[in-house]
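Enquirer: mind looking at a prediction? Sequence and model below.
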Amino acid sequence: MNRLQEIETGSFAPSRWLFFPPSALRVVNWNINRGLKLQGIVEFLADAKADLILLQEVDLNARRTHRLNIAREIAKALRMNYVFAREFQELTQGSAASPAFHGQATLSRWPLLSSRIIRFQRQSHFWDPHWFLPEIEPFQERIGGRLALISQMQIAAQTLVSYNLHLESRSNDDFRCSQLRETLDDVARYRSDLPIVLAGDLNLEVPRTAASGLFAGAQFRDAFQNDHSPTTPPHSLFQRQRVIDWIFTRGPIHATTPTVHSSISASDHYPLSAVLSFA
């Protein structure tokens, strides 16, 4: 099997017997910058007490993160179930005998069922290896492509579908909207009365682009109601902060108390959280 198609799973959550689903749950969305500051990431997520966590830029067996399985380490520390999808093989972080990967992880306090990926048809060739580039870290050569990780979370008799996205950073908004359109086409397979959470690092400012109309047409609601604080810190005096991380919902589920946790410095993105109430 192609290693990039593998979805890794793990179960650390204690068994929970529920006759009825809770009226609300807490979701966190966060690009964790490979997990380089793992202790700070785990500390924030433990304090957040989230029921559903969607993470982007998660390392597996990479030199820069001490060969750790970052998704597994976080899930184990938080006592949660997890799935991990491999976005890229990081050629400068592993070897042929011991490859390194980088991707998305979804964690849940309840069982995660029927996980799958959409590897977008349209991909940037920015990351492709080239014969004239040495395999050293500054060139960040990769094999693979951007994807969406889809999972179903089963809470008693209630099913919740999550889409964990990471859209391309090395292209323009039209390119990213084509990847988003592919995701929303997939959403159409689900009934309109099934609650869906779509979140991730979209690498675009939704209200400024065609993405706003795409979400509206697919009946998604912005958890922040387009009133976002920046989700990335400034990297220099001349670089403005950006709003590129998002949480959207569709169906009989409504977001309240949306928060951008701008005091958290464990990544080059801020974590987002919201409370999701079932209608």
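Expert: On my side now, so go ahead. Everything quoted here is computed from the prediction, not taken from an experiment.
Enquirer: mind giving me the packing neighbours of the longest helix anywhere in the chain?
Expert: Taking DSSP state H as the criterion, the chain has its longest helix at helix 173-187. Other helices and strands packing on helix 173-187, by 3 or more C-beta pairs under 8 Å, 6 or more residues apart in numbering; DSSP states H and E, are strand 112-119, strand 147-155, strand 158-166, strand 196-201, helix 211-217. Every C-beta, even on glycine, is put in place using the N, C-alpha and C of the backbone.
Enquirer: which one of the ones you listed is the most hemmed in?
Expert: With neighbours taken as mean count of other C-beta atoms under 10 Å, the helices and strands packed on helix 173-187 reach their highest mean count in strand 196-201, at a mean of 26.
Enquirer: got a list of what residue 81 touches?
Expert: Residue 81 sits next to 9-13, 75, 107-112 when contact means C-beta atoms under 8 Å, 6 or more residues apart in numbering.
Enquirer: who does it form a beta bridge with?
Expert: residue 11, residue 108 (DSSP bridges).
Enquirer: pLDDT score for it?
Expert: pLDDT for residue 81: 97.
Enquirer: picking that back up, by how many degrees do the longest helix of the chain and strand 147-155 diverge?
Expert: Interaxial angle, helix 173-187 versus strand 147-155 (axes from the mean of the first three to the mean of the last three C-alpha atoms, to 10 degrees): 40 degrees.
Enquirer: return the set of buried residues in helix 173-187.
Expert: Residues of helix 173-187 classed as buried by neighbour count (16 or more other C-beta atoms under 10 Å): 173, 175-181, 183-184, 187.
Enquirer: which stretches in the stretch 1-150 of the chain count as strands?
Expert: Here the stretch 1-150 of the chain has its strands, by DSSP state E, counting those that start in this stretch, at 7-11, 24-34, 52-60, 81-90, 101-108, 112-119, 142-144, 147-155.
Enquirer: now for the helix or strand of the chain with the lowest mean pLDDT, which elements pack on it?
Expert: Lowest by mean pLDDT, DSSP states H and E among the helices and strands of the chain is strand 142-144, with a mean of 88. For strand 142-144, the elements it packs on are strand 81-90, judged by 3+ C-beta pairs under 8 Å, 6+ apart.
Enquirer: roughly how far does residue 241 sit from residue 33?
Expert: 16 Å (C-beta to C-beta, to the nearest Å).
Enquirer: actually, residue 187.
Expert: Residue 187 is 28 Å from residue 33, by C-beta to C-beta.
Enquirer: in contact with residue 205: list those residues for me.
Expert: 242-244 are the contacts of residue 205 under C-beta under 8 Å, 6+ apart.
Enquirer: tell me the buried residues within the contacts of residue 81.
Expert: Buried by 16+ other C-beta under 10 Å: 10, 13, 75, 107-110, 112, out of the contacts of residue 81.
Enquirer: of the residues you listed, closest to residue 149?
Expert: residue 112 (10.2 Å; C-beta to C-beta).
Enquirer: partner residues bridging the residue nearest to the closest one when sequence neighbours are not counted?
Expert: Once flanking residues are discounted, residue 112 sits nearest to residue 151: 4.7 Å by C-beta to C-beta, 6 or more residues apart in numbering. Using DSSP bridges, the bridge partners assigned to residue 151 are residue 162.
Enquirer: low-confidence ranges, the stretch 51-200 of the chain, go.
Expert: 127, 129-140 (pLDDT under 70).
Enquirer: hmm, try it at 90
Expert: By pLDDT under 90, the low-scoring segments of the stretch 51-200 of the chain are 96, 114, 124-142, 154-158, 170-171.
Enquirer: quick check: mean pLDDT across the helix or strand residue 274 falls within?
Expert: If you go by DSSP states H and E, residue 274 is part of strand 272-278. Averaging pLDDT along strand 272-278 yields 96.
Enquirer: ok, now stretch 249-267?
Expert: The model assigns stretch 249-267 a mean pLDDT of 96.
Enquirer: quick check: buried residues in it?
Expert: By neighbour count on 16+ other C-beta under 10 Å, the buried set for stretch 249-267 is 249-251, 253-255, 258-261, 264, 266-267.
Enquirer: can you put those in CSV and add distance to residue 54?
Expert: CSV is the format used below for those (distance: C-beta to C-beta, whole Å):
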residue, distance to residue 54
249, 13
250, 15
251, 17
253, 15
254, 18
255, 14
258, 14
259, 15
260, 15
261, 15
264, 16
266, 16
267, 14
